[in-house]
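In: Just to be clear, the model below is a prediction. Sequence and coordinates:
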Amino acid sequence: MERTRAVLWGVAVTSALALLIVVGSRNLAHFDAALVGYTFATLFAAFGIAYRYAVWLQRPPTWRYWVRGWQLFLQPRHLGLNLLQLARRVGVMFALNAFIWRRGKLRGAAHWLLMWGCVIAAAITFPLVFGWVHFETVPGDLQSYRAYVFGFPTLAFPIHSWIGFIVFHGLVWASFLVIAGVMLAMKRRMTDHGAAALQQFGEDYLPLIALFAISVTGLMLTASYTWMRGYGYDFIAILHAITVILTLLWLPFGKFFHIFQRPAQLGVSFYKEIGARSEQAACRRCGEEFASRMHVEDLIEVEEQLGYRYELANEGVEHYQWICPRCRRALLAIAQANLWTGVRGGEQLQHEMAIVGSWQNHTLSE
Amino acid sequence: MFASENREFFIDPGRCIGCQACVHACSECDTHRGHSMIHLEYIDRELTPQTVPVVCMHCDSPTCAEVCPADAIKRTADGVVQTARKPRCIACNNCVLACPFGVPKMKTEFELMMKCDMCYDRTSAGKKPMCATVCPSGALYFGTHEEVESLRKTATPVNQFHFGRQVINTKVHMMAPKARTPAYIDVAAALEEHPTGQDMFLNILTDF
């Protein structure tokens, strides 16, 4: 059932993309047949990503957060503030990668360069491949190009101008960012002992190698037609196509899938923010507030769905989820220590502090 | 890369003297350099000086990983439950709240959960975890079953914990008295129990 649903989502998303390609390229009138390999690889990637996303979404904790995230985000009384926060967070979290820079400067720089290089390259490549964007000379002015988006005319600019130079070399600038990012990421992976202990070739090196291969073969194309009169162009074009197509095919399976998972971070931020403003859950041992009541109740439900049985017979506690993490650590020691009474000496200190509900109220004067 | 074969982690909170050596050594670990992942908890400071060092118990069926909506927590083939994968963790706090031992730590500034990974950089290269290396009292011990049993004649390791109806088996062991040889430690039962020690200072206050 779970897989059938995921296949259906995969088919729906792939069909929608195919339809958009046909419509956007005006019945394939502006579709570049030389790029058909890229198109089919993208359609495959779309299916794979939608399939994996749908399977992932059906896991109990993911589904709970997904539903709750949207519910909280769309609440009419919070919507205005939420939209403002969304814009701010997209900027700070995604455009600036602030949280990654805080994890480490080298890590931040590497990710920021890689991300922006890939974003720029994707923004240029996909619309061109799908025939959504094409250029035509302006009638009566052979020195100017006009960009067409979805078949609609937009800006015109002289071919030999700085705008033209920047636009036509967009992928070159993107590859510079990516190559610099790959170098920094490789340096970190080769010198950081922590990274060395945890990294895996397929998960951590392969994506960097793939991005590097795409960038370098792409630059070779530019070099070939700019300075070498198209020397080896056909071969390099095929080589470049292979690197891009293999990466697209691998997109749903490997590390790059985090690009599609990561926006969930936004939903979580609203969940936490609204949770902090609503009723809190107090630990049923020490009485301290430790999370939002909504979060604890959602977790209890998710744990039940996953088959966990943390329910307790203790009166007033009901579920181990109502005990705060600090008390859980203390309970572990108390449980172990009590096994040792009679062996190492010592006794249970007769005191009402450890009794449920009254623990937090005790002072020495009592 | 596998954690040292045959060598296991044994914890005995009863031996902990609260010196904090483990807390400081922990932050030397390369996989989370600068961040101490071990918890050193006072049980009840008014009543007893008892402390407990809590490291990740590395459950066979880790609740933290199961409740993770982002699939960010993975268990290695050798049974070590890794810290959250950085590209995936969305900092939702589910693992922090769900772990029955109260182990994961949320680093809000990094949008990342971090936890003890048994010093994977060290154990995967045949070394002891940092905390077990520095613990002066043997509360945190890393070695073979034979070694720990010859060192601790009165103790036996247990790695099953009960929380109500939930049974959790772990890679890390806790030392229990051999005289009682319990099959498991019932953690939730401690909700009804009291800290253990010598009831001295209350006598001082009352008997004069």
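Out: Yep, that arrived.
In: my guess is A:Ala54 contacts A:Arg5, does it?
Out: Yes - with contact taken as Cβ atoms under 8 Å, A:Ala54 and A:Arg5 are classed as touching, separated by 6.1 Å. Any C-beta I mention is one placed from the backbone N, CA and C, and that applies to glycine too.
In: Which of the two has more residues huddled nearby?
Out: The residue with more neighbours, out of A:Ala54 and A:Arg5 and counting by other Cβ atoms under 10 Å in any protein chain shown, is A:Ala54; that gives 19 against 14.
In: List the buried residues for the one helix or strand that one maps to?
Out: Following DSSP states H and E, one finds A:Ala54 within helix A:36-57. Within helix A:36-57, the residues that qualify as buried by neighbour count (16 or more other Cβ atoms under 10 Å in any protein chain shown) are A:38-39, A:41-57.
In: and those residues near chain B, which?
Out: A:Trp56 (Cβ under 8 Å from any Cβ of the partner chain).
In: before we move on, what SS does A:Asn314 have?
Out: Three-state assignment for A:Asn314 (DSSP: H, G, I helix; E, B strand; the rest coil): coil.
In: May I have the phi/psi pair for the spatially closest residue to it that is not a sequence neighbour?
Out: Counting by Cβ to Cβ, 6 or more residues apart in numbering or on different chains, the nearest residue to A:Asn314 once its immediate chain neighbours are dropped is B:Leu191, at 5.3 Å. Phi and psi for B:Leu191, reported as degrees, to the nearest 10, are phi -60, psi -30.
In: try A:Ser292
Out: Recorded main-chain torsions at A:Ser292 are phi -80, psi 150, according to degrees, to the nearest 10.
In: Any idea what it is bridged to?
Out: Assessed by DSSP bridges, A:Ser292 has beta-bridge partners A:Gln280.
In: residue ranges with poor pLDDT in chain B?
Out: Chain B contains residues with pLDDT under 70 at B:1-5, B:199-208.
In: Helices of that one, start to end?
Out: B:21-26, B:63-66, B:94-98, B:120-123, B:130-134, B:145-151, B:201-206 (DSSP state H).
In: Deepest-packed of those, please.
Out: Stretch with highest mean neighbour count among the helices of chain B: helix B:94-98 (a mean of 25; mean count of other Cβ atoms under 10 Å in any protein chain shown).
In: near chain B, which residues of the stretch 1-150 of chain A?
Out: Proximity of the stretch 1-150 of chain A to chain B, by Cβ under 8 Å from any Cβ, involves residues A:Trp56, A:Arg59, A:Pro61, A:Thr62, A:Arg64, A:Tyr65, A:Met93, A:Phe99, A:Arg102, A:Arg103.
In: Go through those residues and flag which are in helices.
Out: Those of the residues of the stretch 1-150 of chain A next to chain B mapping onto helices are A:Trp56, A:Pro61, A:Thr62, A:Arg64, A:Tyr65, A:Phe99, A:Arg102, A:Arg103, per DSSP H.
In: what's A:Trp112 in contact with, if anything?
Out: Going by Cβ atoms under 8 Å, 6 or more residues apart in numbering or on different chains, A:Trp112 touches A:Leu96, A:Asn97, A:Ile100, A:Trp101, A:Gly181.
In: Wait, A:Gln336 touches B:Ile185, no?
Out: Yes - with contact defined as Cβ under 8 Å, A:Gln336 and B:Ile185 form a contacting pair (6.0 Å).
In: Would you mind telling me which of the two has the busier surroundings?
Out: Counted by other Cβ under 10 Å, A:Gln336 and B:Ile185 do not tie: A:Gln336 has more neighbours, with 25 against 20.
In: host element of the more buried one?
Out: Taking DSSP H and E as the criterion, A:Gln336 maps to helix A:325-340.
In: how about the CA coordinates for that helix, as CSV?
Out: What follows is helix A:325-340 as a C-alpha-only set of coordinates in CSV (Å, rounded to 0.1, in the frame of the first residue of the first chain):
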residue,chain,number,x,y,z
PRO,A,325,15.3,13.8,30.0
ARG,A,326,17.1,14.9,33.2
CYS,A,327,15.0,12.7,35.4
ARG,A,328,15.4,9.8,33.1
ARG,A,329,19.2,10.0,33.6
ALA,A,330,18.7,10.2,37.4
LEU,A,331,16.3,7.2,37.4
LEU,A,332,18.8,5.1,35.6
ALA,A,333,21.3,5.6,38.4
ILE,A,334,18.6,5.2,41.1
ALA,A,335,17.5,1.9,39.6
GLN,A,336,21.1,0.6,39.4
ALA,A,337,22.0,1.8,42.9
ASN,A,338,19.0,0.1,44.5
LEU,A,339,20.1,-3.2,43.1
TRP,A,340,23.3,-2.8,45.1
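In: Next, the single nearest residue of the stretch 151-300 of chain A relative to chain B: phi, psi?
Out: When distances are taken as Cβ to the nearest Cβ, the stretch 151-300 of chain A approaches chain B most closely through A:Ala197, which lies 3.4 Å from it. Listed backbone geometry of A:Ala197 is phi -70, psi -30, with angles given as degrees, to the nearest 10.
In: OK, contacts around the nearest residue to it once chain neighbours are set aside?
Out: Computed as Cβ to Cβ, 6+ apart, the closest residue to A:Ala197 that is not its neighbour in sequence is B:Asp121, at 3.4 Å. For B:Asp121, the set of contacting residues under the criterion of Cβ under 8 Å, 6+ apart consists of A:His193, A:Gly194, A:Ala196, A:Ala197, A:Leu198, B:Cys29, B:Asp30, B:Thr31.
In: ok, for A:Leu79, nearest residue in space, not its chain neighbours?
Out: In space, A:Leu79 comes closest to A:Phe73 once its chain neighbours are excluded; the distance is 7.6 Å by Cβ to Cβ, 6+ apart.
In: Check the burial of the one you found by counting its neighbours.
Out: Taking other Cβ under 10 Å as the neighbour definition, A:Phe73 ends up with a count of 19.
In: Run through the residues that contact it.
Out: When contacts are counted by Cβ under 8 Å, 6+ apart, A:Phe73 is found next to A:Leu79, A:Asn82, A:Leu86, A:Gly267, A:Phe270.
In: Report the buried members of those.
Out: A:Asn82, A:Gly267, A:Phe270.
In: okay if I get these as CSV plus distance to B:Tyr141?
Out: As requested, the buried ones among the contacts of A:Phe73 are exported to CSV (distance: Cβ to Cβ, whole Å):
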residue, distance to B:Tyr141
A:Asn82, 51
A:Gly267, 43
A:Phe270, 45
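In: Which ones among those residues map onto helices?
Out: Per DSSP H, the buried ones among the contacts of A:Phe73 map to helices at A:Asn82, A:Gly267, A:Phe270.
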